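> could you look at this predicted model? Sequence included:
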Amino acid sequence: MSIAVPSARMFLAFTRLLLSVACFIPALALAQDAPLFRIGVAPHTSSRVIIEMYQPLRQHLQKTLGTPVAIVTAPDFTEFARRALNREYELVITTGHQAELLRADARYRPLLTYRAPFHAVVAVAAGSRAKSARDLAGSTVAGLSPSSLVTLWGLRWMSEHGAAGVTVRYVSAADSVAQLLLNGEVSAGTMSLANFQGLAPEVRARLQLLTDSPAMVGRVYLLNQADAARGAAIERALWSFAETPAGVDYFARYKLEGYRPLRSGELDAMAPYAAEVREQLKKSAL
């Protein structure tokens, strides 16, 4: 009788699976009866990058709150909004227009945002014939999602400045937008200024900005009302993270400049974009 021995490839795949699970639900031995605290992060880049980016925050909150913490996201902005509206996350980190949607429609409580200003940009290939929005008329452009703030702002800018008949091709991340531009498959692409600056230098050198938005509120941290009882502790834990070496390194690495309270009216200004997300959710539900 022969016994099947797992191949090295199978063993490696199984090991990777275990590691991926560990990234999402780490250190469950903290407290056997402690509920999992899920931080939902809007899919502004790949899941792998999001998990890596927010590990310092996850570790700090897990230690400070004494409960297991997981970083989770969604395939796209529309699905992320749907899950957040269903209150699947204890803490949400998302763009300003989704923050306004969650505040108005699901009673999430805004806690804070980043000091660094947030800009949406429209990028084209270096040497592109497009010098204005009118030059994009009748062409195909790339966006991150029908409900992404950078895409909504970019399409509104194009419409208001004469780019009629634009077709939109949606992709999952800024580097995919850049690749479509470099391949000549689209005439322009929308992304955040931070993601544009985060592209590989050799990629960024082959692109240029056609326009950028006024400063808008960046990613906002919001608390699910189901966790209101420990809201003060959660907020203290976030502010204390900013003072740790890991927090200082996090803000410097991603050029976020630290946390700040939200200013009066910042989320109100996002209401028109929040309304467009509502419409996208209705369309996707049909």
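Perfect, I can see it now.
> now stretch 260-278: buried residues?
For stretch 260-278, a neighbour-count test (16 or more other CB atoms under 10 Å) marks 262, 266, 267, 270, 273, 274, 276, 277 as buried. No exception for glycine: its C-beta is placed from N, CA and C like everyone else's.
> no wait, stretch 131-147
Going by neighbour count (16+ other CB under 10 Å), the buried part of stretch 131-147 is 133, 135, 136, 141, 142, 143, 144, 145, 146, 147.
> distance of the closest residue to residue 230 other than its chain neighbours from residue 140?
Leaving aside its sequence neighbours, residue 230 sits nearest to residue 65 (CB to CB, 6 or more residues apart in numbering; 7.6 Å). Here the distance between residue 65 and residue 140 works out to 46 Å (CB to CB, to the nearest Å).
> what about the one helix or strand residue 250 maps to, distance to the chain center?
Following DSSP states H and E, the helix or strand that holds residue 250 is helix 245-253. From the chain centre to the centre of helix 245-253 is a distance of 18 Å (CA atoms, centre = their mean, to the nearest Å).
> quick check, residue 264 in a helix?
No: assessed by DSSP: H, G, I helix; E, B strand; the rest coil, residue 264 does not belong to a helix; its assignment is coil.
> separation between it and residue 220?
Relative to residue 220, residue 264 is positioned 14 Å away (criterion: CB to CB).
> which regions of the chain lie under the pLDDT threshold?
Within the chain, the segments meeting pLDDT under 70 span 1-33.
> can you pull out the helices in it?
Defined through DSSP state H, the helices belonging to the chain, from first to last, are 8-24, 47-53, 55-65, 77-85, 96-106, 149-160, 174-182, 193-197, 201-204, 231-241, 245-253, 271-285.
> how about a markdown table for the ones you listed, with distance to residue 34 added?
Supplementary listing: these in a markdown table, determined by distance: least, CB to CB, whole Å:
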| stretch | distance to residue 34 |
| --- | --- |
| helix 8-24 | 16 |
| helix 47-53 | 21 |
| helix 55-65 | 9 |
| helix 77-85 | 22 |
| helix 96-106 | 24 |
| helix 149-160 | 34 |
| helix 174-182 | 36 |
| helix 193-197 | 34 |
| helix 201-204 | 43 |
| helix 231-241 | 14 |
| helix 245-253 | 22 |
| helix 271-285 | 32 |
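> what's the neighbour count on residue 56?
The number of residues packed near residue 56 is 18, by other CB atoms under 10 Å.
> so it versus residue 111, what's the distance?
The separation that residue 56 has from residue 111, given CB to CB, amounts to 18 Å.
> cool, and residue 42?
The spacing between residue 42 and residue 111, counted by CB to CB, is 15 Å.
> neighbour count: these two, which is higher?
Neighbour totals were compared for residue 42 and residue 111, and residue 42 leads with 25 against 20 (other CB under 10 Å).
> which residue is the nearest non-sequential neighbour of the more buried one?
residue 94 (3.9 Å).
> contacts only, for the one you found.
Contacts for residue 94 were tallied using CB atoms under 8 Å, 6 or more residues apart in numbering; they are 40, 41, 42, 80, 84, 102, 219, 220, 222.
> now swap in residue 130 and tell me
Taking CB under 8 Å, 6+ apart as the criterion, residue 130 is in contact with 124, 136, 187, 188, 210.
> buried among those residues? Make that a ChimeraX selection.
Written as a ChimeraX command, the selection of buried residues from the contacts of residue 130, which uses 16+ other CB under 10 Å, is:
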select :124,136,187,188,210
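> in the contacts of residue 130, find the pair that's most separated.
With distances taken as CB to CB, the most widely separated pair in those is 187 and 210, at 9.7 Å.
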